[in-house]
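Trainee: Fold the following for me, if possible:
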Amino acid sequence: MKLLTYHVKNEKKIGVLENDLVYCLAELAELYNAERNESVTIEGDMLSLIENHQTAIHNIWDWVQTNPSKTEGSAVPVQEVTIAAPISNPGKVVCVGNNYMDHCIEQNVEPPKKPMIFSKWATCIIADGEDIVLPPDSEQVDYEAELAVVIGKAGKNISEEEAFDHVFGYTILNDVSARDIQFEDVQWVRGKSYDTFAPLGPVIVTKDEIEDPHNLDIRLEVNGEPLQDSNTKHLIFNIPHIISYLSKGFTFQPGDIIATGTPHGVGVFRNPQIFLQPGDSCKIEIQSIGVLENKVVN
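Mentor: Residues are numbered from 1 along each chain as shown. Next up is the predicted model:
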């Protein structure tokens with residue numbers, strides 16, 4: 001499933017995106033209950049859905065796919081809704097730095113022996129189509145296309161063999177970074193956590209839809225110019241290793257987000273350097289997930 005949070009007629013809903021149509025999960029639950037004489041309820045935001053309704057949404061969507069006539073006319077075109085960030089309130093946004101071999105090569109640095117970890121604040125999350133706002137105290141705002149993992153089950157001291165049991169799905173994150181602030185501070189959190197510095201979405205693709213998250217094309221372009229073009233097979237530390245490594249120190253909760261790192265082509269290591277400017281359009285595409293696009297403003 002491709003799950004999304006959206007607004008229609010000033011009402012916030014959780015839905016499934018299929019063939020450019022959006023199905024409201026709460027409305028599907030009502031149809032499902034009427035047909036099967038059950039009492040499944042879908043309520044709350046995406047975080048609540050991940051915490052409480054994973055089995056229900058899969059059961060409902062399986063029923064929809066085998067009974068398409070039962071839901072005919074219940075969907076709306078995606079162009080008629082306003083897409084929000086799929087999750088706006090994760091407990092943690094954990095990021096992995098220097099996690100692509102090609103990114104290490106462009107910096108002329110040795111690949112890390114252990115995952116390099118930093119965090120972004122949830123307050124910097126924005127949706128597909130919303131604006132990245134350039135802060136007045138930075139002149140070097142950069143882009144970073146990243147595959148993001150959404151945690152679906154709480155856990156601590158998770159083994160690599162059990163790591164995927166704790167994954168709910170995958171989405172796209174743009175790890176926007178104020179490079180001058182990042183390098184001036186030495187630690188990275190402030191330079192990466194300005195408001196609007198974490199475009200996220202547009203959807204969460206449930207893990208059953210992604211055969212191999214370590215073999216997905218990942219691309220970024222600014223104003224139509226390709227600047228990043230790689231594949232998640234070049235990750236240095238794979239997803240099970242990251243989850244296991246991090247869970248030795250803290251407990252993962254449903255809805256937590258892990259940004260797995262960015263490939264080569266970021267602006268700060270280009271010659272000449274490229275930084276985001278007012279009026280730019282920054283577009284990320286990850287195979288099997290979709291496209292995340294945001295404009296840049298002062």
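Trainee: quick one, what contacts residue 45?
Mentor: Contacts for residue 45 were tallied using CB atoms under 8 Å, 6 or more residues apart in numbering; they are 5, 12, 14, 87-89. Yep, even glycine has a C-beta here, placed from its N, CA and C like the rest.
Trainee: Weed out the non-buried ones from these.
Mentor: Buried by 16 or more other CB atoms under 10 Å: 5, 14, 87-88, out of those.
Trainee: Burial check on the closest residue to residue 21 other than its chain neighbours, number of neighbours?
Mentor: Using CB to CB, 6 or more residues apart in numbering and skipping residues adjacent in sequence, the residue nearest residue 21 is residue 75, 3.8 Å away. Neighbour count of residue 75, defined by other CB atoms under 10 Å: 20.
Trainee: Check the one 10 residues further on too.
Mentor: For residue 85, the count of nearby residues is 22 (other CB under 10 Å).
Trainee: surely it meets residue 129?
Mentor: No - Residue 85 lies out of contact with residue 129 (CB atoms under 8 Å); the separation is 10.3 Å.
Trainee: what is in contact with the two at once?
Mentor: Common neighbours of residue 85 and residue 129 are not found (criterion: CB under 8 Å, 6+ apart).
Trainee: Residue 197 versus residue 180, what's the distance?
Mentor: Going from residue 180 to residue 197 by CB to CB, to the nearest Å gives 14 Å.
Trainee: for residue 102, that is, sorry about that
Mentor: Remark: distance between residue 102 and residue 197 (CB to CB) = 23 Å.
Trainee: Please say which of these two ends up with more neighbours.
Mentor: Of the pair residue 102 and residue 197, residue 197 is the one with more neighbours under other CB under 10 Å, namely 23 against 15.
Trainee: in this structure, what secondary structure element scores lowest on mean pLDDT?
Mentor: helix 101-107 (a mean of 84; mean pLDDT, DSSP states H and E).
Trainee: could you point out which element follows that one?
Mentor: Moving toward the C-terminus from helix 101-107, the first helix or strand encountered (DSSP states H and E) is strand 116-119.
Trainee: average model confidence for the next helix-or-strand element following that next one?
Mentor: Counting by DSSP H and E, the next helix or strand C-terminal to strand 116-119 is strand 125-126. On average, the pLDDT along strand 125-126 is 98.
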